[in-house]
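Chemist: Fold the following for me, if possible:
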Amino acid sequence: MLNRIIIMGRLARDPELRHTQAGVPVASFRLAVDRDFRDKSTGERGTDWIDVVAWRQTAEFVSRYFTRGRMAVVEGRLQMRDWTDKEGNRRTSAEVVADSVYFGDTRREGGDNTSYGGNSSYSGGYNAAPTGGSGGYSAPAAPSGYGAPSGEDQFAELTDDDGELPF
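Modeler: All right, here's what the predicted structure looks like:
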C-alpha cells in the first residue's frame, strides 16, 4: 500500500504549537492550495484548504520559521480522523500528517531580510538548519575512474566570459 502526498501552498494562519500530556510537540496549520484548473463560469482558480499536522522536531521547526502567508511544501501521508462534534454528531476529517516541511519561497517576508534557501526543511530523520542546504546531506562523491582524474580540478575556468548574461 502507498500513502504519500506532496502539497504546496500558503499558510492560512500562523501554526499552532501544542504539547501532548507526554510533552511531545505537535503543530497544526492549514495550507491554501490553488487548484490547477479554472472555473468555466468565473475563470478563477479554486482553492483547497488543507489541514496539516506536524509532530516532534518538524512541529518545532514549522512553529519557529513559518508564519501566515508563507509558502510551504509539505510531504507526508493522508490520514482520515473520526471525531464527535459538540452536538454529538460523528464527523470525519482528512488531514496531512507531515513527514517533512520545506520552504516554498526563497525569502522570508516581513521585516528581517534573512534569506532562506528554497530547499531548507526539517523532518525527523536528519538535522537541517534554516540557512539553506539540503537537510545535512552532501552530494555523493564521483566513483573512481569517472570524470576528471584524481587530483585535478573538476571545473575549467571560462576565458571568453564577456560579463553578459545569456538571457
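Chemist: So what touches stretch 49-58?
Modeler: Contacts with stretch 49-58, where a contact means CB atoms under 8 Å, 6 or more residues apart in numbering, come from 7, 9, 12, 15, 24-33, 61-62, 74, 76, 79, 93-101, 122-124. Just so you know, the C-beta spots here come from the backbone N, C-alpha and C atoms, and that holds for glycine as well.
Chemist: Going by neighbour count, which residues in that stretch are buried?
Modeler: 50, 52-55, 57-58 (16 or more other CB atoms under 10 Å).
Chemist: can you check stretch 34-41 too?
Modeler: Here stretch 34-41 shows no buried residue, counting by 16+ other CB under 10 Å.
Chemist: Let me see the mean pLDDT of that stretch.
Modeler: Averaged over stretch 34-41, pLDDT sits at 85.
Chemist: Next: stretch 69-76.
Modeler: Mean pLDDT, stretch 69-76: 94.
Chemist: Please save the CA atoms from it in CSV.
Modeler: Provided in CSV are the C-alpha atoms of stretch 69-76 (Å, rounded to 0.1, in the frame of the first residue of the first chain):
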residue,chain,number,x,y,z
GLY,A,69,1.2,33.8,4.1
ARG,A,70,4.5,31.9,3.9
MET,A,71,4.8,29.3,1.1
ALA,A,72,5.4,25.8,2.3
VAL,A,73,5.8,22.4,0.7
VAL,A,74,4.6,19.5,2.8
GLU,A,75,5.5,15.9,2.2
GLY,A,76,3.6,13.3,4.3
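Chemist: contacts for it?
Modeler: Taking CB under 8 Å, 6+ apart as the rule, stretch 69-76 contacts 4-11, 31, 52, 62, 66, 96-105, 108-109, 121, 123.
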